[in-house]
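Student: sequence and predicted structure below; questions after.
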Amino acid sequence: MKLYPNERTLILIDGASFHASARSLGFDIDYRRLLDLFQSKVQLLRAHYYTAIPEDPEFFAIRPLVDWLDYNGYSVITKPMKEFTDPSGRKKFKANMDVELAVDAMRMANQIDHIIIFSGDGDLRSLVAALQELGKRVTVVSTLETDPPMISDELRRQADHFIDLADLEHEINRTYADARKKPACNKRNSAEARDLAKIDENEN
(Lines give C-alpha, C1' and ligand atoms only; values in the text may rest on other atoms or scores of the structure.)
Protein backbone atom coordinates (compact mmCIF):
# COMPACT_ATOMS: atom_id res chain seq x y z
CA MET A 1 0.00 0.00 0.00
CA LYS A 2 1.27 3.45 -0.89
CA LEU A 3 0.29 5.29 2.27
CA TYR A 4 2.08 8.26 3.80
CA PRO A 5 1.77 9.23 7.49
CA ASN A 6 1.41 12.98 6.87
CA GLU A 7 -1.32 12.71 4.25
CA ARG A 8 -4.73 13.97 5.31
CA THR A 9 -6.90 11.06 4.32
CA LEU A 10 -10.61 10.42 3.86
CA ILE A 11 -12.08 6.90 3.71
CA LEU A 12 -15.33 6.37 1.81
CA ILE A 13 -16.92 2.92 2.04
CA ASP A 14 -19.68 1.86 -0.34
CA GLY A 15 -21.29 -0.56 2.10
CA ALA A 16 -23.07 -2.80 -0.41
CA SER A 17 -20.08 -3.13 -2.73
CA PHE A 18 -17.62 -3.67 0.12
CA HIS A 19 -19.82 -6.26 1.81
CA ALA A 20 -20.30 -8.14 -1.47
CA SER A 21 -16.54 -8.15 -2.15
CA ALA A 22 -15.71 -9.52 1.30
CA ARG A 23 -18.39 -12.19 1.05
CA SER A 24 -17.16 -13.23 -2.38
CA LEU A 25 -13.68 -13.68 -0.89
CA GLY A 26 -15.05 -15.72 2.00
CA PHE A 27 -14.24 -13.59 5.04
CA ASP A 28 -15.91 -11.14 7.41
CA ILE A 29 -14.68 -7.59 7.93
CA ASP A 30 -13.58 -6.43 11.38
CA TYR A 31 -14.31 -2.73 11.12
CA ARG A 32 -12.36 -1.89 14.26
CA ARG A 33 -9.25 -3.50 12.79
CA LEU A 34 -9.84 -1.71 9.49
CA LEU A 35 -10.02 1.67 11.22
CA ASP A 36 -6.98 0.91 13.39
CA LEU A 37 -4.98 -0.17 10.33
CA PHE A 38 -5.46 3.09 8.45
CA GLN A 39 -5.18 5.28 11.55
CA SER A 40 -1.73 3.76 12.09
CA LYS A 41 -0.60 4.58 8.56
CA VAL A 42 -2.14 7.95 7.62
CA GLN A 43 -3.60 11.10 9.15
CA LEU A 44 -7.16 9.83 8.95
CA LEU A 45 -9.65 12.70 9.12
CA ARG A 46 -12.90 10.86 8.55
CA ALA A 47 -14.24 7.42 7.66
CA HIS A 48 -17.67 7.36 6.02
CA TYR A 49 -19.85 4.28 5.52
CA TYR A 50 -22.72 4.46 3.01
CA THR A 51 -25.66 2.10 3.03
CA ALA A 52 -29.32 2.02 2.06
CA ILE A 53 -31.91 0.82 4.55
CA PRO A 54 -35.32 -0.80 3.91
CA GLU A 55 -38.48 0.99 4.95
CA ASP A 56 -39.27 -1.86 7.32
CA PRO A 57 -36.32 -2.08 9.78
CA GLU A 58 -37.35 -5.66 10.63
CA PHE A 59 -35.74 -6.74 7.36
CA PHE A 60 -32.56 -4.71 7.86
CA ALA A 61 -30.08 -7.49 8.61
CA ILE A 62 -27.07 -5.22 9.14
CA ARG A 63 -28.75 -2.86 11.62
CA PRO A 64 -26.41 -4.01 14.46
CA LEU A 65 -23.39 -3.26 12.26
CA VAL A 66 -24.66 0.19 11.30
CA ASP A 67 -25.38 1.04 14.94
CA TRP A 68 -21.91 -0.17 15.98
CA LEU A 69 -20.17 1.84 13.25
CA ASP A 70 -22.05 4.97 14.25
CA TYR A 71 -20.66 4.76 17.79
CA ASN A 72 -17.14 3.61 16.92
CA GLY A 73 -15.43 6.16 14.72
CA TYR A 74 -17.41 6.00 11.49
CA SER A 75 -19.86 8.48 10.02
CA VAL A 76 -22.79 6.46 8.68
CA ILE A 77 -24.78 7.89 5.77
CA THR A 78 -28.05 6.17 4.91
CA LYS A 79 -31.07 6.55 2.66
CA PRO A 80 -34.21 4.45 2.17
CA MET A 81 -34.22 1.55 -0.28
CA LYS A 82 -36.78 1.58 -3.05
CA GLU A 83 -38.70 -1.65 -3.50
CA PHE A 84 -39.89 -2.74 -6.93
CA THR A 85 -41.03 -5.85 -8.78
CA ASP A 86 -39.08 -7.02 -11.83
CA PRO A 87 -40.78 -8.35 -15.02
CA SER A 88 -40.66 -11.90 -13.66
CA GLY A 89 -42.59 -10.86 -10.58
CA ARG A 90 -39.67 -11.06 -8.16
CA LYS A 91 -39.41 -8.43 -5.44
CA LYS A 92 -36.16 -6.45 -5.60
CA PHE A 93 -34.58 -3.51 -3.86
CA LYS A 94 -33.06 -0.54 -5.62
CA ALA A 95 -30.52 1.61 -3.81
CA ASN A 96 -27.47 3.45 -5.02
CA MET A 97 -25.31 5.59 -2.74
CA ASP A 98 -22.99 6.91 -5.47
CA VAL A 99 -24.42 10.44 -5.38
CA GLU A 100 -24.07 10.77 -1.60
CA LEU A 101 -20.53 9.42 -1.72
CA ALA A 102 -19.53 11.74 -4.58
CA VAL A 103 -21.02 14.83 -2.92
CA ASP A 104 -19.11 14.17 0.31
CA ALA A 105 -15.86 13.57 -1.58
CA MET A 106 -16.11 16.85 -3.49
CA ARG A 107 -17.32 18.78 -0.44
CA MET A 108 -14.29 17.70 1.60
CA ALA A 109 -11.74 17.78 -1.22
CA ASN A 110 -10.09 21.03 -0.11
CA GLN A 111 -9.41 19.54 3.35
CA ILE A 112 -7.67 16.33 2.25
CA ASP A 113 -4.74 15.00 0.25
CA HIS A 114 -5.79 11.39 -0.30
CA ILE A 115 -9.15 9.66 -0.73
CA ILE A 116 -9.51 5.90 -0.26
CA ILE A 117 -12.69 4.54 -1.84
CA PHE A 118 -13.88 1.05 -0.93
CA SER A 119 -15.95 0.20 -4.00
CA GLY A 120 -15.70 -1.44 -7.40
CA ASP A 121 -18.51 0.55 -9.01
CA GLY A 122 -17.52 1.85 -12.45
CA ASP A 123 -19.93 4.76 -12.05
CA LEU A 124 -17.38 6.31 -9.67
CA ARG A 125 -14.74 6.69 -12.40
CA SER A 126 -15.85 10.27 -13.16
CA LEU A 127 -15.61 11.16 -9.48
CA VAL A 128 -12.07 9.80 -9.31
CA ALA A 129 -11.10 11.82 -12.38
CA ALA A 130 -12.60 15.00 -10.89
CA LEU A 131 -10.71 14.52 -7.64
CA GLN A 132 -7.47 13.97 -9.53
CA GLU A 133 -8.02 17.23 -11.43
CA LEU A 134 -8.10 18.92 -8.02
CA GLY A 135 -4.70 17.43 -7.25
CA LYS A 136 -5.94 14.69 -4.94
CA ARG A 137 -4.55 11.17 -4.82
CA VAL A 138 -7.19 8.45 -5.10
CA THR A 139 -6.87 4.82 -4.03
CA VAL A 140 -9.58 2.26 -4.76
CA VAL A 141 -10.08 -0.92 -2.72
CA SER A 142 -11.95 -3.87 -4.23
CA THR A 143 -10.90 -7.23 -5.65
CA LEU A 144 -9.84 -8.98 -8.83
CA GLU A 145 -9.80 -12.36 -7.10
CA THR A 146 -13.37 -13.28 -7.99
CA ASP A 147 -14.99 -14.46 -11.19
CA PRO A 148 -15.94 -12.00 -12.53
CA PRO A 149 -13.88 -9.34 -10.70
CA MET A 150 -15.79 -7.11 -8.29
CA ILE A 151 -14.10 -3.96 -9.62
CA SER A 152 -14.78 -2.43 -13.01
CA ASP A 153 -11.77 -2.15 -15.28
CA GLU A 154 -12.34 1.55 -15.98
CA LEU A 155 -12.40 2.43 -12.26
CA ARG A 156 -9.22 0.46 -11.55
CA ARG A 157 -7.39 2.12 -14.44
CA GLN A 158 -8.50 5.61 -13.44
CA ALA A 159 -7.39 5.34 -9.81
CA ASP A 160 -3.87 6.33 -8.82
CA HIS A 161 -3.55 3.12 -6.83
CA PHE A 162 -5.52 -0.09 -6.48
CA ILE A 163 -5.51 -2.28 -3.37
CA ASP A 164 -6.91 -5.77 -3.70
CA LEU A 165 -9.11 -6.54 -0.72
CA ALA A 166 -7.72 -10.07 -0.72
CA ASP A 167 -4.31 -8.63 0.22
CA LEU A 168 -5.81 -6.99 3.31
CA GLU A 169 -7.62 -10.08 4.57
CA HIS A 170 -5.14 -10.98 7.31
CA GLU A 171 -5.10 -7.40 8.59
CA ILE A 172 -8.83 -6.63 8.66
CA ASN A 173 -10.64 -9.98 8.82
CA ARG A 174 -12.71 -10.82 11.85
CA THR A 175 -10.99 -13.33 14.07
CA TYR A 176 -12.71 -15.70 16.46
CA ALA A 177 -11.35 -16.86 19.81
CA ASP A 178 -13.01 -20.21 19.34
CA ALA A 179 -12.78 -21.51 15.76
CA ARG A 180 -15.81 -23.74 16.41
CA LYS A 181 -17.95 -20.61 16.83
CA LYS A 182 -16.91 -19.11 13.52
CA PRO A 183 -19.87 -19.09 11.13
CA ALA A 184 -19.46 -20.79 7.79
CA CYS A 185 -18.36 -18.33 5.12
CA ASN A 186 -17.60 -20.05 1.86
CA LYS A 187 -16.10 -18.30 -1.12
CA ARG A 188 -18.73 -17.30 -3.63
CA ASN A 189 -18.66 -15.90 -7.10
CA SER A 190 -19.28 -12.18 -7.35
CA ALA A 191 -22.81 -12.57 -8.75
CA GLU A 192 -23.89 -14.61 -5.72
CA ALA A 193 -22.29 -12.10 -3.37
CA ARG A 194 -24.20 -9.24 -4.96
CA ASP A 195 -27.44 -11.19 -4.62
CA LEU A 196 -26.76 -11.63 -0.93
CA ALA A 197 -26.38 -7.88 -0.55
CA LYS A 198 -29.98 -7.66 -1.89
CA ILE A 199 -29.17 -4.60 -3.90
CA ASP A 200 -29.50 -4.33 -7.65
CA GLU A 201 -26.63 -1.95 -8.34
CA ASN A 202 -27.33 -1.95 -12.04
CA GLU A 203 -30.62 -0.10 -11.52
CA ASN A 204 -30.44 3.70 -11.41
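Tutor: Looks like it arrived, so ask away.

Student: so in this protein, which strand runs the longest?
Tutor: In the chain, taking DSSP state E as the definition, the longest strand is strand 43-53.

Student: may I see the buried residues of that one?
Tutor: For strand 43-53, burial by neighbour count (16 or more other C-beta atoms under 10 Å) applies to 44, 46-53. Every C-beta, even on glycine, is put in place using the N, C-alpha and C of the backbone.

Student: and for stretch 75-90?
Tutor: For stretch 75-90, the buried set under the neighbour-count rule, 16+ other C-beta under 10 Å, comprises 76-78, 81.

Student: do me a favour and get the end-to-end distance for it?
Tutor: With C-alpha to C-alpha, to the nearest Å as the measure, the first residue of stretch 75-90 is 33 Å from its last.

Student: what residues does it touch?
Tutor: Residues external to stretch 75-90 that are found in contact with it (C-beta atoms under 8 Å, 6 or more residues apart in numbering): 46-55, 66, 69-70, 91-95, 97, 100-101, 104, 199, 203.

Student: and stretch 109-128, how far out from the chain middle?
Tutor: 11 Å (C-alpha atoms, centre = their mean, to the nearest Å).

Student: name the next helix or strand downstream of the longest strand of the chain, please.
Tutor: Tracing the chain past strand 43-53, the next element assigned as helix or strand by DSSP states H and E is helix 63-71.
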